[in-house]
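Novice: Provide a 3D model corresponding to the input given below.
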Amino acid sequence: ISPDDLRLLTGREPEDVVVRGALRASPLPRIFERQGRELWHSSVVISAEQIRLPRGWQPAFGNIIAFAPGILSSNFFSGQRVEIAGVLGPPPGPRADGLFDARSHYQHDAIYCQLRTGSAEAWSVAPGTPPRRMPLSDRFSAWARKTLALGLGPEDAPLRLIWTLALDWKAPLTQTVEEPFMRAGTYHIFAVDGLRIGLLAGIGVGLLRALRLPRALCGFLVIPVIWFYAGLTGWPASAIRAAIMMSIIIVGWASHRPTDLVNSLFAAAFIILLWNPWQLFQPGFQLSFLVVLCIALLLPLIRNQFQSWVFQKDPFLPAALKPRWPPALHAAARFAIDTCALSLAAWLGSMPLAAAYFHLFTPVSVLANFL
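Specialist: Below is the predicted model of the structure:
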């Protein structure tokens, strides 16, 4: 442990400090509901460089999760050096056994301190910091929200959810909004994950193949688009995981190599853990890979079983005498079977982790994700 580590410089009790450091990401605004009112709060992780204690300024090392009421100005963005005055202390533990443990959650990201400020006026750009330009992802997000709102009237809850689904903008996900989706097992639709990356890759590859471009050129053009989209959404961990896995799959397809979902899955996991071993302890990482692993292993078995039940035929009849479904009805039935089998396999994969982390058992998610 560094002699300047925040765990050695500060005690276990909250104390007033001033911290200087660099923002590891742009502040994340969120809406909280209290007595029927919407209250905005912002949070961001800071890499500490200096801290002012009663004995004066001294070097500091470590990550701090900082909170501020309201929405911070556009002067604060990823990489900006800031100076913040507030109350520094350890993150709180669970309010009761089995509830969310913020302290344990942040420790998996090597964050051992939290800083709470009374107002946005406690935040300022650190003295001597040269002017910096806002990152492209922040500028794109502001432009995209403005563009998506054209013609939709004033800002309201449906418009905010459109921004969340398209841009991974988490601000409107209040407890009132989150709870029904969590209980239905459909909360994953709010994350930039394999669903969005897969749709983007499918659209790109489909259009390019329709133009009769070779596989290698299709992969060369689509992979940068996938990573560009992940960057525009702010590099969330779920998007990085999905982009790595999709890149591996596309490279294999473009190279005319036989694809194997389990092999690609573990290759993606290996690369991610080389990049950041702490990901192994993240619920998102565990859910992503366990769900996809269960889909890869269980989907063929479940699908074959469902098809044998629905399309069961008399084995003693010759093929010419076996009744045949109308083509349209047969295609619809196969599509419904595939979708239902996929939803069931995904639920079986997520069930143990959902129970462990969120204390939820949601068999209704099989039907909800099917729809």
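
Novice: ok, then the element right after the helix or strand where residue 302 lies?
Specialist: Using DSSP states H and E, residue 302 sits in helix 283-310. Sequence-wise, the next helix or strand downstream of helix 283-310 (DSSP H and E) is helix 327-358.

Novice: show me what the very next helix or strand once past that next one is packed up against.
Specialist: Next in sequence after helix 327-358, counting helices and strands by DSSP H and E, comes helix 364-370. Contacts defined by 3 or more Cβ pairs under 8 Å, 6 or more residues apart in numbering; DSSP states H and E place helix 364-370 against helix 327-358. Every C-beta, even on glycine, is put in place using the N, C-alpha and C of the backbone.

Novice: so for the helix it packs on, what's the average pLDDT?
Specialist: The average pLDDT within helix 327-358 is 89.

Novice: what about the helices in the stretch 1-150 of the chain?
Specialist: 6-9, 102-107, 136-148 (DSSP state H, counting those that start in this stretch).

Novice: which residues touch the second one?
Specialist: Residues outside helix 102-107 that contact it (Cβ atoms under 8 Å, 6 or more residues apart in numbering) are 65, 90, 91, 92, 93, 94, 112, 114.

Novice: got the CA coordinates for that helix in PDB?
Specialist: The C-alpha trace of helix 102-107 is given here as PDB (Å, rounded to 0.1, in the frame of the first residue of the first chain):
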ATOM      1  CA  ALA A 102     -22.300   0.000  -0.900                       C
ATOM      2  CA  ARG A 103     -19.000  -0.600   0.900                       C
ATOM      3  CA  SER A 104     -18.500  -4.000  -0.600                       C
ATOM      4  CA  HIS A 105     -19.700  -2.900  -4.000                       C
ATOM      5  CA  TYR A 106     -17.200   0.000  -4.200                       C
ATOM      6  CA  GLN A 107     -14.400  -2.100  -2.900                       C
END
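
Novice: quick one: distance of it to the chain centre.
Specialist: In terms of Cα atoms, centre = their mean, to the nearest Å, the centre of helix 102-107 is set 18 Å apart from its chain centre.

Novice: picking up where we left off before, quick check: which of the helices of the stretch 1-150 of the chain is nearest to residue 23?
Specialist: Of all the helices of the stretch 1-150 of the chain, helix 136-148 sits nearest to residue 23, with 11.2 Å by Cβ to Cβ.

Novice: would you mind giving the helices of the stretch 1-150 of the chain as TSV with distance to residue 128 added?
Specialist: Below are the helices of the stretch 1-150 of the chain laid out as TSV (distance: least, Cβ to Cβ, whole Å):
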stretch	distance to residue 128
helix 6-9	22
helix 102-107	30
helix 136-148	23
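
Novice: least reliable of those helices by average pLDDT, please.
Specialist: helix 102-107 - the lowest mean pLDDT of the helices of the stretch 1-150 of the chain, at a mean of 84.

Novice: for it, list every residue counted as buried.
Specialist: Within helix 102-107, the residues scored as buried using 16 or more other Cβ atoms under 10 Å are 102, 105, 106.

Novice: ok, back up a step: quick one: distance of the helix holding residue 302 to the chain centre.
Specialist: 21 Å.

Novice: so what does it touch, helix or strand wise?
Specialist: Using 3+ Cβ pairs under 8 Å, 6+ apart: helix 283-310 touches helix 237-254, helix 261-275, helix 327-358.

Novice: where does pLDDT dip in the stretch 101-250 of the chain?
Specialist: Filtered on pLDDT under 70, the stretch 101-250 of the chain yields no residues whatsoever.

Novice: okay then, goodbye and thanks.
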